[in-house]
Every structure is written in C-alpha cells, then in structure tokens.
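# After the sequence you'll find the predicted model.
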Amino acid sequence: MILEDELHTAYKFGNSSILTFPFPHLYVENIFSDDFYSKIHENLLDPSEMISLADLYSDNPLMSVYKDRMVMDFDKKESMLKVGKNKQKFWTSFYENFCPNFSNILRAKFKKFLDIRFAHLKNLSYTHTLQVVNDKKNYSLGPHTDQPSKVISLLIYLPKNRTQISTGTSIYMPKDPSKINPELQHLHYPREDFYNVITMPYAPNSAFCFIKTNNSFHGVEKLEMEDTDRWSLQYNVHITKDVVDQETAKRNEYRSKTK
C-alpha cells in the first residue's frame with residue numbers, strides 16, 4: 001500500500017458515522033481506491049494457496065465445522081508458505097502497512113466506547129490478526145458476540161460484482177435475553193432464537209466494522225448459491241492475554257461486591 005492508498009482508506013473510515021443500535025458499528029463503501037481494489041483482485045488466491053479453517057486449526061475441535069471457510073492466515077507460517085512468491089509479496093506488504101495503522105485508526109474511531117469498556121484497567125496492550133477469506137456454499141455462522149479478547153472486528157468485502165449482495169454479515173438480537181449465558185456470551189447460539197435486525201450488503205469494496213460488546217450478536221446466514229465465492233479480508237484487534245485476565249478479575253470483583 002502506498003501512502004495515497006492508505007490515506008484514501010483512512011479518510012473513508014475517519015469520516016464515517018457510527019451507528020449505535022443495537023451495538024456500535026459502521027458500514028463504509030469504496031474504502032479502497034479503484035486502482036488498489038483492482039490490485040487486490042489481481043492477487044486473490046488460487047484454491048491451492050488456501051486451507052480450510054478446519055484443517056488449519058485441526059488441533060481445535062471447535063473449528064471442525066469450518067470446512068467451508070478457506071483462509072490464508074498471516075499468523076500461520078504454514079499458511080503463508082502455500083502462497084506463490086508474487087502474491088505473497090503483495091499480501092505481506094499489505095499486512096505490514098495495513099495492520100499497525102488501522103489498529104490506531106479504528107481504536108481512535110471507537111474511543112468513547114472503548115473507554116467505557118476499559119475504564120478500570122491499566123496498561124492496555126493490543127495485538128491484531130488478518131486473514132484472507134473465501135467462503136463456499138453451505139458456510140454459515142450462528143449468532144455470537146466474539147471471544148473475550150476481541151476489541152474491534154473489520155470485515156472488508158471483496159466481491160467483483162453485486163450478484164451475492166444478500167450474503168453480508170447479519171446483526172441479530174435475542175428474542176429472549178434471559179436465555180443468554182452471562183458468563184459465556186461469546187457462545188454461538190441457534191439462529192431461530194434471534195431476530196435478524198439487518199444484513200450488511202455484500203457490495204464490492206465495502207466494509208462492516210464493529211466493537212465487541214456483550215450484545216454484539218452477528219453471524220452469516222447459510223450460503224445457498226451453488227457457485228458461492230465470498231471473498232473478504234478479516235482484520236481483528238485484540239487485547240493481549242494479560243489484559244483479558246485483568247478484565248476478568250475486575251468483572252469478578254464487581255460481581256462479588258454486588259451479590
């Protein structure tokens with residue numbers, strides 16, 4: 001990414017509006033310049049250069065359901081080595097420029113909400129992850145709020161056209177909030193127990209971004225099209241494990257005082 005491309009994307013996010021219902025989020029179109037979006041498409045991966053989440057994380061039984069999600073994970077050396085040298089060079093450059101800058105941009109964008117979450121914590125430290133993702137027919141993702149370490153999720157949609165416009169990320173609300181486990185709110189829940197508030201348009205060069213909250217329920221409706229080819233970039237900001245532990249301790253301390 002050259003500076004002009006970074007500034008274009010920073011401008012789009014910096015001047016977008018945050019919607020607060022049912023949790024803070026935003027949706028932005030044309031986030032990359034036309035030229036850079038074309039370069040991304042020139043460097044989309046071949047099937048042989050990707051691996052399913054189920055196989056990449058075969059040591060985690062919970063990931064076995066993700067056989068229809070193909071990824072290149074920048075944090076997994078074995079995943080990066082599957083990519084041809086030219087494309088690897090492009091994506092490595094993207095990763096090195098994109099991730100550090102956008103952690104700062106997105107944390108600044110959602111600052112007032114993050115200040116509320118982390119009001120009683122000290123010495124915050126963050127990390128980030130990035131994946132190139134290609135979802136195939138039958139992929140779905142039930143309503144969930146994300147793991148406790150998650151801070152911000154950025155889903156960048158990369159279709160060539162609008163033929164799969166209805167397959168974006170959905171926002172949900174529980175029909176009966178009392179069924180939500182307050183201790184494990186990041187669990188995946190049955191879709192029939194939730195209202196689908198809205199589904200983000202899976203439009204070319206667009207992005208859906210939100211902060212993790214106790215009610216940030218989102219997911220993906222089952223992909224039914226025979227030739228589903230749902231490309232995206234998935235960028236996440238996390239707090240480090242020591243901060244997660246600090247947050248958990250503060251939450252337990254508060255609960256013990258209010259009993």
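Yep, it's here. Numbering: from 1, shown residues only.
# for the most centrally placed residue in the chain, what are its contacts?
Central residue of the chain (CA atoms, centre = their mean): Ser153, 3.8 Å from the mean position. Ser153 sits next to Asp146, Cys209, Phe210, Ile211, Lys212, Gln234, Tyr235, Asn236, Val237 when contact means CB atoms under 8 Å, 6 or more residues apart in numbering. The C-beta positions use only the backbone N, C-alpha and C, and glycine is treated the same way.
# Among those residues, which one sits closest to Val197?
Phe210 (12.3 Å; CB to CB).
# what about Leu154, neighbour count?
25 (other CB atoms under 10 Å).
# Hmm, it is touching Asn236, no?
Yes. With contact defined as CB atoms under 8 Å, Leu154 and Asn236 form a contacting pair (7.3 Å).
# can you pull out the helices in the stretch 101-250 of the chain?
For the stretch 101-250 of the chain, the helices defined by DSSP state H, counting those that start in this stretch cover 111-117, 241-258.
# now those as a markdown table including distance to His218?
Shown next, in a markdown table, are the helices of the stretch 101-250 of the chain (distance: least, CB to CB, whole Å):
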| stretch | distance to His218 |
| --- | --- |
| helix 111-117 | 16 |
| helix 241-258 | 20 |
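# Quick one: closest of those to Arg69.
helix 241-258 (24.7 Å).
# In that closest one, which of the residues would be classed as buried?
Of the residues in helix 241-258, those with enough neighbours to count as buried (16 or more other CB atoms under 10 Å) are Val243, Gln246, Glu247.
# next one: stretch 79-86
Buried, per 16+ other CB under 10 Å, within stretch 79-86: Ser79, Met80, Val83.
# Thought Gln88 was touching the second one, still the case?
The one in question is Met80. Yes. In this structure, Met80 is within contact of Gln88 by CB under 8 Å, at 6.5 Å.
# which residue ranges form the strands in the stretch 151-259 of the chain?
170-174, 194-199, 206-211, 218-220, 230-239 (DSSP state E, counting those that start in this stretch).
# between these, which gets nearest to Glu96?
strand 230-239 (13.2 Å).
# tell me what the closest one is packed against?
helix 85-109, strand 126-135, strand 150-157 (3 or more CB pairs under 8 Å, 6 or more residues apart in numbering; DSSP states H and E).
# what's the least confident stretch among those?
Averaging pLDDT over each of the helices and strands packed on strand 230-239 singles out helix 85-109 as the lowest, with a mean of 90.
# what's in contact with it?
With CB under 8 Å, 6+ apart, helix 85-109 has contacts from 1, 6, 9-10, 13-14, 16, 18, 26, 39, 43, 45, 49, 72, 74, 80, 83, 114, 126, 128, 130, 132, 151-152, 154, 209, 235, 237.
# One more: stretch 39-58?
32, 63-73, 76, 78-79, 82-84, 86-87, 90-91, 132, 134, 158, 160, 231.
# buried residues in it?
Going by 16+ other CB under 10 Å, stretch 39-58 has these buried residues: Ile40, Asn43, Leu45, Glu49, Met50, Ile51, Ser52, Leu53, Ala54, Leu56, Tyr57.
# got CSV for these, with distance to Asn101, pLDDT and secondary structure too?
Listed next are these as CSV, based on distance: CB to CB, whole Å; pLDDT from 0 to 100; DSSP: H, G, I helix; E, B strand; the rest coil:
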residue, distance to Asn101, pLDDT, secondary structure
Ile40, 17, 96, helix
Asn43, 19, 96, coil
Leu45, 23, 95, coil
Glu49, 26, 94, helix
Met50, 26, 94, coil
Ile51, 27, 93, strand
Ser52, 30, 91, strand
Leu53, 26, 90, helix
Ala54, 32, 89, helix
Leu56, 26, 89, helix
Tyr57, 28, 87, coil
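# Output those in JSON lines; the columns should cover distance to Ala203.
What follows is those, written out as JSON lines (distance: CB to CB, whole Å):
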{"residue": "Ile40", "distance to Ala203": "15"}
{"residue": "Asn43", "distance to Ala203": "20"}
{"residue": "Leu45", "distance to Ala203": "21"}
{"residue": "Glu49", "distance to Ala203": "25"}
{"residue": "Met50", "distance to Ala203": "23"}
{"residue": "Ile51", "distance to Ala203": "27"}
{"residue": "Ser52", "distance to Ala203": "26"}
{"residue": "Leu53", "distance to Ala203": "24"}
{"residue": "Ala54", "distance to Ala203": "28"}
{"residue": "Leu56", "distance to Ala203": "28"}
{"residue": "Tyr57", "distance to Ala203": "30"}
